[in-house]
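Student: have a look at this prediction, sequence included:
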Amino acid sequence: MKICFHALYNSINEIAFGTLKEQGIDVIPFLKKMLTDLCKAYLVEAKWYYSGYKPTLQEYMDNAWISVSAPVLLCHAYLATDSITKEGLQSFEEYYPNIIYWSSIIVRLADDLGTSPYELKRGDVPKSIQCHMHDSGASEEEAREHIRKLIDATWKKMNEDRIAKSPFSQIFIEIIMNFTRMAQCLYQNGDGHAVEDDETKERVLSLIVQPIPAPK
């Protein structure tokens, strides 16, 4: 644990130093909040698991959109842009902007659709599918269909916020949109992240390694 902590501590300080040097903005409080929220969300899920508690779907989602780590990943992506503003950082620190929230909801639900069988088998809290089944008495397939409808509805809200007034640059907005699309692609046929399969491997090879044939 000490090694993990020191690695994280050094990485965060390295990121913060680079941002301060290049853009003159101290992002330590920003990064600290993101990681604190993530750790608190993990702790909630650990307590649920070890106590055997089954949360409602609403309880689960209130915590799981953070525990999926999308806000942390997007905050790092924001710092990688050259358009960081104090207003943008403040919006993260005081409240999570809607577009970050909607993206995180979609990532979580897509993740659950693809990974819940594997995660429950190796030991984890009930996912959104199981929470809805427990709430409503629905079958697994009915619950999965409900989650798909929630994803569709959340995409509509996210598209509305895409064109709304925002403290973020258009570049970062597109990063959020593409991040969300990528999650759905990754989990559409199972756990494309943690479980090795030929489909995910072929997609990565096709996108990054294999050359695109030139038209004749």
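Tutor: Everything's here; your move.
Student: and the helices in this protein, which stretches?
Tutor: 2-23, 28-51, 57-67, 70-79, 86-94, 98-122, 128-136, 140-162, 170-187, 198-204 (DSSP state H).
Student: quick one: which of these is nearest Ala214?
Tutor: Nearest of these to Ala214, taken as C-beta to C-beta: helix 198-204 at 20.9 Å. Any C-beta I mention is one placed from the backbone N, CA and C, and that applies to glycine too.
Student: list the buried residues of the closest one.
Tutor: Across helix 198-204, burial judged by 16 or more other C-beta atoms under 10 Å covers Thr200.
Student: would you turn the helices of the chain into CSV with mean pLDDT and distance to Ile212?
Tutor: Output for the helices of the chain, formatted as CSV (pLDDT from 0 to 100; distance: least, C-beta to C-beta, whole Å):
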stretch, mean pLDDT, distance to Ile212
helix 2-23, 90, 33
helix 28-51, 93, 36
helix 57-67, 96, 36
helix 70-79, 93, 26
helix 86-94, 85, 35
helix 98-122, 85, 27
helix 128-136, 94, 37
helix 140-162, 95, 29
helix 170-187, 92, 19
helix 198-204, 73, 14
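Student: what residues are up against Ile176?
Tutor: Applying C-beta atoms under 8 Å, 6 or more residues apart in numbering, one finds that Ile176 lies in contact with Leu74, Ala77, Ile99, Ile100, Ser103.
Student: next, give me the two most distant ones among these.
Tutor: Largest separation among the contacts of Ile176 by C-beta to C-beta: Ala77 and Ile99, giving 12.6 Å.
Student: go ahead and flag the most central residue of the protein.
Tutor: Nearest to the geometric centre of the chain sits Ala70, at 2.2 Å (C-alpha atoms, centre = their mean).
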